[in-house]
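In: could you look at this predicted model? Sequence included:
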Amino acid sequence: MSKCGGNMKQVKITVMKTACYKDLIEKYENPIPHACDMREGQVFIVSGGERPVGFCDSAWETVLPFVTELAAGGGNFYDGWMKNSRSAMISCNDGFRPVSFLLETIEG
């Protein structure tokens, strides 16, 4: 796979679903004042492999390998998992407030 800057495609990240498991938070999590700013319908465009402004640091670590692969022209994760082979549905690693992201290569 080529990772030369000129060959990199843009990747669109759309927040598809957010969840909040209050029962798990109350039972297991230490109180934190501010946890997640992601809202369903938010769209982020990744150019040049840089984390978009306003995108969660922790979620970025989770989606980055998939963003990198899509930006480099790859896809078809897990042998045909997605109907669109140039996309991926990835959730962040927050077990209390999981967010599902649709990653799509922007063709063009």
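Out: That came in fine, so what should we check first? Numbering: from 1, shown residues only.
In: centroid-wise, who is the farthest residue in this protein?
Out: Computed with C-alpha atoms, centre = their mean, the residue of the chain farthest from its C-alpha average is residue 27, at 27.2 Å.
In: quick one: it and residue 96, what's the gap?
Out: Distance of residue 27 to residue 96, given as C-beta to C-beta, to the nearest Å: 10 Å. In this view, the C-beta of every residue, glycine as well, is placed from N, C-alpha and C.
In: pLDDT below threshold where in this structure?
Out: 1-6, 108 (pLDDT under 70).
In: show me where it has helices.
Out: 22-28, 57-71 (DSSP state H).
In: highest mean neighbour count out of the ones you listed?
Out: helix 57-71 (a mean of 18; mean count of other C-beta atoms under 10 Å).
In: which strands and helices lie in contact with that helix?
Out: Counting contacts by 3 or more C-beta pairs under 8 Å, 6 or more residues apart in numbering; DSSP states H and E, helix 57-71 is packed against strand 10-18, strand 87-91, strand 99-106.
In: how many residues are close by residue 82?
Out: As a burial measure, residue 82 scores 16 neighbours (other C-beta atoms under 10 Å).
In: residue 10 too?
Out: Residues lying near residue 10 (other C-beta under 10 Å) number 16.
In: excluding its backbone neighbours, what's nearest the residue nearest the centre of the chain?
Out: The centre of the chain sits closest to residue 63, judged by C-alpha atoms, centre = their mean, with a distance of 4.2 Å. Leaving aside its sequence neighbours, residue 63 sits nearest to residue 90 (C-beta to C-beta, 6 or more residues apart in numbering; 5.0 Å).
In: who does that neighbour form a beta bridge with?
Out: Beta-bridge pairing of residue 90 under DSSP bridges involves residue 101.
In: ok, back up a step: nearest to residue 49, out of the helices of the chain?
Out: helix 57-71 (6.3 Å; C-beta to C-beta).
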